[in-house]
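Asker: Sequence below, structure please.
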Amino acid sequence: MAAADSPSAALRRDLCSRGIRLAGKMRADVVDLLDAYVEQQGLDASASVAAVEGVPLAAVERWDEQTGTQRLLENLAAYRAFRALLAQMLEEQREQLGEADAGLGRALAAVLLQVSAFAYHLEELLRLESRGIPGAEEDGPPPPPRLSLFEQKLRGLGVLRELAQWAVRSVRDLRQLAKPGPATGAAPGLAESP
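Answerer: The predicted structure is shown next:
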């Protein structure tokens, strides 16, 4: 039986396929949440937000040279950070508005659950690859210093925008990982070069 037809390769493709669907749904929900968040917070959708401390950036240099394991580990670290950041946003939202806008709180909570589920899915893929799972101590950045209400709003905008970008990157990463070929430890694309 060829390596690409092995049960673990089929399982990896299946997990990647499910992960792609999860990330696609998450991105759609984050975009909807972003629209609601901008409206509720009274922000301009085109507002420029500087890099937010603790928010992992989806952009990466030499993406095509990363191994499958590197992709999974970076994704896992990012979604763990987003889990902590979204939990903090949800807490701040409840403090600011109480039950005044339960819809936004429910949408934030739903995205938080999706991020947690996706992080678990990435852990399953790493287990399949026989890679160690980084410990929970890497579960996001330490809480930032207390910010003004406006700074919290801008940070939230930055978090949601970058989460939407990560969902796109995750789909690309999982598609790359699902491709039959060399083991995920090898840099995809390099073995295919002439």
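Asker: Just give me the residue right at the centre of the protein.
Answerer: With distances taken as Cα atoms, centre = their mean, residue 79 lies nearest the centre of the chain, 4.1 Å away.
Asker: Run the chain-centre distance for the lengthiest helix in the chain.
Answerer: Criterion DSSP state H: the longest helix present in the chain is helix 7-41. The chain centroid and the centroid of helix 7-41 are separated by 8 Å under Cα atoms, centre = their mean, to the nearest Å.
Asker: now the residue nearest to the centre of the chain, nearest residue through space, not along the chain?
Answerer: residue 119 (4.1 Å; Cβ to Cβ, 6 or more residues apart in numbering). Yep, even glycine has a C-beta here, placed from its N, CA and C like the rest.
Asker: from memory that neighbour sits against residue 76, does it?
Answerer: Yes - assessed by Cβ atoms under 8 Å, residue 119 is found in contact with residue 76 at 6.2 Å.
Asker: between the two, which one's more packed in?
Answerer: residue 76 (22 against 19; other Cβ atoms under 10 Å).
Asker: and that one, what helix or strand is that in?
Answerer: According to DSSP states H and E, residue 76 maps onto helix 68-97.
Asker: Name the next helix or strand following that helix along the chain.
Answerer: Scanning forward in sequence from helix 68-97 by DSSP H and E, the next helix or strand is helix 102-128.
Asker: Off-centre distance for that following helix?
Answerer: 9 Å.
Asker: got the angle between it and helix 7-41?
Answerer: Going by axes from the mean of the first three to the mean of the last three Cα atoms, to 10 degrees, helix 102-128 is angled at 160 degrees with respect to helix 7-41.
Asker: Same question for helix 102-128: list its buried residues.
Answerer: 104-105, 107-109, 111-112, 114-116, 118-119, 121-123, 125-126, 128 (16 or more other Cβ atoms under 10 Å).
Asker: quick one: low-confidence ranges for this structure?
Answerer: Low-confidence segments of the chain (pLDDT under 70): 1-5, 97-100, 131-145, 181-194.
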